[in-house]
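1. can you look at this prediction? I've put the sequence above it.
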Amino acid sequence: MKTRKLGNLEVSAVGLGCMGMSFAYGASDENESIRTLGRAVDLGITFFDTAEMYGPYTNEELLGRALKPVRDRVVIATKFGFTFDANKSGAAAITGVDSRPENVKRVAEASLKRLGIDMIDLFYQHRVDPTVPIEETVGAMAELVREGKVRALGLSEAGSATIRRAHAVHPIAALQSEYSLWSRDPEHDVLDTCRELGIGFVPYSPLGRGFLTGAIQKREDLGADDFRSQLPRFQAENFDANAALVAKLEALAKQKGVTAAQLALAWVLHQGDDIVPIPGARKVNHLEQNAAATDIVLSKQELAELTETISLDQIAGKRYSEASLAMTNL
C-alpha cells in the first residue's frame, strides 16, 4: 500500500471510514466489522476514521477493541463537536454543536478512554460551531497537543476563512470534507487554501455514499433506518437521473476492467498526492476493492472523460438537506 502525508502524519493512500459500522447505514454485524478492520490492516491500510458522534460513542469503542493488537501500526482519527440526547440513539440523538474549550477537552478524555489509547493521532472538530470563535476552539485543541494527548489537529467541512484562522493558532494537519465525482464543492477554494497552507485533504464519501458503486439499483434498496433514504439525491424525484449517471460510470469502468467503485475512487486519488480518501466498508470484499483502487492509473484523457461524464449540472438534488448544508463551509 502506497502512503501519503497529512501534515506530519504518514498514512496509507486510502483510509477506512468506519461510521457505517455503527451508525447511519442500518443494522451492522459487529463480528463482520471486526473482520473488516483486521483485513484492512493486513492490506496495509493504516488510517482509520471514527467520531464521538458515530453511535454515538459505540464506534470508537469498536475501533478500540479491534485495533488494540495493532495500535503501533495504525493512525486513528476521531472527532468532537456535537451534543447528544442520552435517551436517544443514532442521528436522532444529535441535538446541536458545542466547540467550547471545556467541551473539547471533555470529549478528548472520553474518546481516549473509549478508544483505549493514550494519544489521539488526529483530532478533528466535526463541524464549525458558529457561537465559539475558532481561535478558542483550536487553542484548546493545541493544549491537548502540548499535553501529549493529541498528535495532530484537523477540521471538517470548514470554509477557507476559518481554515486560515485556525491554522494561524496551531498547524492544521488535515481538512475532512465530502468530495467525489458528484460532490466537488472543495474545488471552489478550499482545496487551494489547504495546498497553500500545507494541509492534507481527507475526502469522506468518495463513492457518493455508495451511489457511485452501482450497488443501489432502486430507492427501495435502502432500509428505513438508512440515513441515505432522507438525503435529496436518493429521493424518488432525483433517483433515476442520478442512476443514469452511474450507469455511464459503470460503462467506463467496464472498458477499464475495473468496478465503478474503483474507478470513482481512483479519480479522487488522482486529484493530488495530498488527498487521502476514506471510503467506508463494512464487508471485506468491498474493502479489498477499495484498496485495489490505489493501483489504478488513469490518463489525463480518462480523468477528463470521467469529470465530463459525471458533470455537476446533471446531478439531481443537493448532497445534504438544507439544515445540514447550513452547518458546512462556515
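-> Alright, I've got the coordinates.
2. show me what contacts the closest residue to residue 15 other than its chain neighbours?
-> Closest residue in space to residue 15, ignoring its immediate chain neighbours: residue 47 at 3.3 Å, by Cβ to Cβ, 6 or more residues apart in numbering. Placement of C-beta: from N, CA and C, glycine included. The contact partners of residue 47, by Cβ atoms under 8 Å, 6 or more residues apart in numbering, come to 11-12, 14-16, 74-75, 77, 276, 278.
3. buried subset of those residues?
-> Buried members of these, counted by 16 or more other Cβ atoms under 10 Å: 11-12, 14-16, 74-75, 77, 276, 278.
4. between those, which sits nearest residue 330?
-> Distance to residue 330, by Cβ to Cβ, is smallest for residue 77 among the buried ones among the contacts of residue 47, at 20.5 Å.
5. ok, for that closest one, nearest residue in space, not its chain neighbours?
-> Nearest one to residue 77, counting by Cβ to Cβ, 6+ apart, is residue 122 at 3.8 Å.
6. quick one: contacts of the strand or helix carrying that neighbour?
-> Using DSSP states H and E, residue 122 maps to strand 120-125. Residues outside strand 120-125 that contact it (Cβ under 8 Å, 6+ apart): 6, 9, 51, 75-81, 99, 104, 108, 111-112, 137-138, 141, 144, 149-156, 158, 173-174, 176.
7. run a quick neighbour tally on residue 299.
-> 9 (other Cβ atoms under 10 Å).
8. which pLDDT value goes with residue 227?
-> Residue 227 carries a pLDDT value of 68.
9. quick one on the thing from earlier: okay, the strand holding residue 122 in CSV with CA atoms only?
-> The C-alpha coordinates for strand 120-125 follow below in CSV (Å, rounded to 0.1, in the frame of the first residue of the first chain):
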residue,chain,number,x,y,z
ILE,A,120,-5.3,10.5,19.6
ASP,A,121,-3.4,10.7,16.3
LEU,A,122,-5.7,13.1,14.6
PHE,A,123,-8.4,15.1,16.4
TYR,A,124,-10.9,16.9,14.3
GLN,A,125,-13.5,19.5,15.0
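10. that one pairs with which strands, parallel or anti?
-> strand 75-80 (parallel), strand 150-156 (parallel) (DSSP bridges).
11. list the contacts for the residue nearest the centre of the chain?
-> Centroid-nearest residue in the chain: residue 204, 2.7 Å away (criterion: Cα atoms, centre = their mean). Residue 204 sits next to 17, 49, 176-179, 277-278 when contact means Cβ under 8 Å, 6+ apart.
12. how much space separates residue 11 from residue 298?
-> Per Cβ to Cβ, to the nearest Å, residue 11 is found 22 Å from residue 298.
13. now do the strands in the protein.
-> In the chain, the strands defined using DSSP state E lie at 3-6, 9-12, 16-17, 47-49, 75-80, 82-84, 94-97, 120-125, 150-156, 172-178, 200-204.
14. low-confidence stretches in the stretch 151-300 of the chain?
-> Low-confidence segments of the stretch 151-300 of the chain, defined by pLDDT under 70, span residues 227.
15. buried sites along stretch 229-245?
-> 231-234, 238-239, 242-243, 245.
16. please read the previous query as pertaining to stretch 157-170.
-> 157-160, 162-163, 166-167, 169-170.
17. what sits up against it?
-> 125, 127-128, 134-135, 137-139, 141-142, 145, 153, 155, 172, 175-178, 189-190, 192-194, 197, 199, 327-330.
18. ends of stretch 226-244, what's the gap?
-> Terminal residues of stretch 226-244 lie 22 Å apart, using Cα to Cα, to the nearest Å.
19. from the chain's centroid, how far away is it?
-> 20 Å (Cα atoms, centre = their mean, to the nearest Å).
20. then stretch 185-194?
-> In terms of Cα atoms, centre = their mean, the centre of stretch 185-194 is set 16 Å apart from its chain centre.
21. same check, this time on stretch 239-246
-> Here stretch 239-246 shows a centroid-to-chain-centroid distance of 23 Å under the convention Cα atoms, centre = their mean.
22. and the helices in the stretch 151-300 of the chain?
-> Taking DSSP state H, counting those that start in this stretch as the test, the helices found in the stretch 151-300 of the chain are 160-169, 190-197, 236-256, 260-269, 284-292, 300-309.
23. sorry, back to before: what number of residues lie near the residue nearest to residue 77?
-> Here the number of neighbours of residue 122 (other Cβ under 10 Å) works out to 26.
24. next: the one 4 residues further on.
-> For residue 126, the tally of surrounding residues (other Cβ under 10 Å) stands at 22.
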